[in-house]
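Student: take a look and give me a structure for this.
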Amino acid sequence: MNTLKAAIIAVAILLVACLGWFAFKNRTTDSVVAVPPQATVSALFTNAQTKKSVLVAFDNAKQTATMKMDGADDIVLNQTMSASGARYENASLGLVLWNKGNEITVYEKDVIIFTGVTPTVSTPAPSATSSQGSVPPAPAGNSNGTAVTAPAKIDGATFRLVSHNGVAIAGDTAYTVKFENGQIGARFCNSMGGKYTVKNDVITSQMMSTQMYCGTPAGLMDAEIAFGTILAKGAKFSLVGTALTVFQGKDTLVFTATN
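Tutor: Numbers count the residues shown, from 1 in each chain. Modelled structure (predicted):
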């Protein structure tokens, strides 16, 4: 009797083991695709009191921040370890940049020379190789939230207006600039267009324009006039990810790719 009971138990254990192996062998798994963090993002930071702006491009891969302020040459700062926020330093110039969320503070030899915020408050996660901190993103692409592929160059791309001198333009999805086959077509209050040339990161265009006046939204006419004026003189531009920044003198316009 004991022998029969032992045999039954052994068969039951063997059956359970076989069923477990079959289930394991034929299990289904969900594929997981690792999405790398955004490699390079840029943002325009503006001081609410002085209205001065600083453009910063953060490179997660190189762990650097490239800063442009007051018409000076690009300044590259290297990321260093910090207890909170993200700290970047250019030791030879005595400059330190602190980034926390959508704010930056710039020091020169321990004296604050600039503080500013960017209107964009959501931040992507820093890369696995970077030290603690957050990096403000370039403005998003389409207003409906769909992903936009970063253009390799401006020709063949369409961009929508985001801000002028750090001030967001209401209804900005309607105001666009398109570059195609050496021609530029812009729609602000007026329609603008003409040929354009690019040399050494400087874009130049003598555009024709309609002559309407728009009182709203606030800042649109100023942005339109600034865009036409600085391109006529030759404006520097920076294309980082989906963000296109066009600037010269006291004017900085930020656009984001839509296609």
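Student: restricting to C-alpha, output the helix or strand harbouring L44 in CSV.
Tutor: Following DSSP states H and E, one finds L44 within strand 40-46. What follows is strand 40-46, C-alpha atoms only, in CSV (Å, rounded to 0.1, in the frame of the first residue of the first chain):
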residue,chain,number,x,y,z
THR,A,40,21.5,67.3,-27.3
VAL,A,41,18.9,69.8,-26.2
SER,A,42,18.8,73.6,-26.1
ALA,A,43,16.8,76.3,-24.4
LEU,A,44,16.7,80.0,-24.2
PHE,A,45,16.8,81.4,-20.7
THR,A,46,15.5,85.0,-20.0
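Student: give me the mean pLDDT for that strand.
Tutor: For strand 40-46, the mean per-residue pLDDT is 76.
Student: again, but for stretch 195-210
Tutor: Across stretch 195-210, the average pLDDT comes to 91.
Student: list the buried ones in it?
Tutor: Buried residues in stretch 195-210, counting neighbours by 16 or more other CB atoms under 10 Å, are found at 196, 203, 205, 207, 209. Yep, even glycine has a C-beta here, placed from its N, CA and C like the rest.
Student: chain neighbours aside, what residue packs nearest to the third one?
Tutor: To tie it back to what came earlier, the one meant is S205. Leaving out its chain neighbours, the residue that sits closest to S205 by CB to CB, 6 or more residues apart in numbering is Y196, at 3.8 Å.
Student: ok, that neighbour - contacts?
Tutor: Applying CB atoms under 8 Å, 6 or more residues apart in numbering, we find Y196 in contact with 179, 182-184, 203-205, 231.
Student: kindly reformat these as TSV containing secondary structure and distance to G215.
Tutor: TSV is the format used below for the contacts of Y196 (DSSP: H, G, I helix; E, B strand; the rest coil; distance: CB to CB, whole Å):
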residue	secondary structure	distance to G215
F179	strand	29
G182	coil	34
Q183	strand	30
I184	strand	26
I203	strand	29
T204	strand	30
S205	coil	26
L231	helix	24
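Student: what's the closest of those to D73?
Tutor: Set against D73, the nearest of the contacts of Y196 by CB to CB is I203 (18.4 Å).
Student: so which strand or helix has the residue nearest to the closest one when sequence neighbours are not counted?
Tutor: Using CB to CB, 6+ apart and skipping the chain neighbours, the partner closest in space to I203 is F237 (5.2 Å). According to DSSP H and E, F237 maps onto strand 235-240.
Student: convert the C-alpha atoms of the next helix or strand along the chain from that strand to PDB, please.
Tutor: Moving toward the C-terminus from strand 235-240, the next helix or strand (DSSP H and E) is strand 243-248. C-alpha atoms of strand 243-248 as PDB (Å, rounded to 0.1, in the frame of the first residue of the first chain):
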ATOM      1  CA  ALA A 243      15.000  73.600 -32.100                       C
ATOM      2  CA  LEU A 244      16.000  76.300 -34.500                       C
ATOM      3  CA  THR A 245      17.300  79.500 -32.900                       C
ATOM      4  CA  VAL A 246      17.900  82.600 -35.100                       C
ATOM      5  CA  PHE A 247      19.600  85.500 -33.400                       C
ATOM      6  CA  GLN A 248      21.500  88.700 -34.100                       C
END
